[in-house]
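A.B. asks: how does the following fold in three dimensions:
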Amino acid sequence: MTDPETPAAGEEHPGHEDGARPGKRARKKRSFWVELPILLVVALALAFVFQHFLGRVYTIPSRSMEATLHGCEGCYGDKVLVDKITFDFTSPAQGDVVVFKGPDGWVANEASTERSDNAVLRFLQNVGSPFGLAPPDEQDFVKRIIATGGQTVQCCDDRNRVLVDGKPLDEPYLHWENPARQWQDSFPPVRVPDGYVWVMGDNRNNSCDSRCEPHDGPRGVVPVDNIIGKVRLIVLPPSRWGTVH
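C.D. replies: Take a look at the predicted model:
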């Protein structure tokens, strides 16, 4: 016998729309305009965490790393993804392409970002920088590590190759803008102190790097603590997508 108060199979409970259970209210959907600010806050928080602890996108503004990385004044330079956690577990090594904060005394002619003279734009840059929405506010550089702490670097042997601890480097990445001048300016032996690296550009005759930068130590060595991360990928433009070796 069927209880008169119990709905038959397939019937909805009287007094409750859409088959909702007695005593339970249907959850109200938030409107798009209520959810949008929440989504934006979450997205900015994730971007902040990623930019500060995992990786960051940088723009290459100069030709000093041609043809490995493309950049030039007033053009659309490569945008590269920099891995910020690798050097938390390993030490920078010879051959790594790295982004680093320019040490005190380095000239600003190859700074990777330019701050606007407009006060409003400068404010927006300062606010957007931590979230990756604007360039960072420090003067950052991108170069290749040629020698690390404890090594001695000099140029060059009779075949115009850089020597590290007396052994010539094989540098297939070198770029010569002027085919008639495929040689490097010589410099005497420099011993890189522990905790520092010696860096040079792949566009060897069009790069102001450790060879020409002053510092509070031997020549233009860069403190390891100034290294932001290792360049891993070219992310823009699409025609140049790929890893950086």
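A.B. asks: what about residue 172, which SS state?
C.D. replies: Classification of residue 172 by DSSP: H, G, I helix; E, B strand; the rest coil places it in coil.
A.B. asks: now it: how far from residue 189?
C.D. replies: According to C-beta to C-beta, to the nearest Å, residue 172 stands 24 Å off from residue 189. Heads up, the C-betas are built off the backbone N, CA and C, glycines and all.
A.B. asks: between those two, which is the more surrounded one?
C.D. replies: residue 189 (11 against 6; other C-beta atoms under 10 Å).
A.B. asks: what is the burial count for the closest residue to the more buried one other than its chain neighbours?
C.D. replies: Leaving aside its sequence neighbours, residue 189 sits nearest to residue 154 (C-beta to C-beta, 6 or more residues apart in numbering; 4.1 Å). Residues within reach of residue 154, counting by other C-beta under 10 Å, total 17.
A.B. asks: residues contacting residue 146?
C.D. replies: Counting by C-beta atoms under 8 Å, 6 or more residues apart in numbering, residue 146 touches 94, 153, 162, 164, 169, 197-200, 210.
A.B. asks: can you pull out the helices in the protein?
C.D. replies: 32-49, 119-128 (DSSP state H).
A.B. asks: which one of the ones you listed has the poorest average confidence?
C.D. replies: Lowest mean pLDDT of the helices of the chain: helix 119-128, a mean of 54.
A.B. asks: residue 153 against residue 188, yeah?
C.D. replies: No: between residue 153 and residue 188 there is no contact under C-beta atoms under 8 Å: 10.0 Å.
A.B. asks: the more surrounded of those two?
C.D. replies: Taking neighbours as other C-beta under 10 Å, residue 153 and residue 188 compare with residue 153 leading, 24 against 7.
A.B. asks: ok, and the closest non-adjacent residue to that one?
C.D. replies: Using C-beta to C-beta, 6+ apart and skipping residues adjacent in sequence, the residue nearest residue 153 is residue 147, 4.1 Å away.
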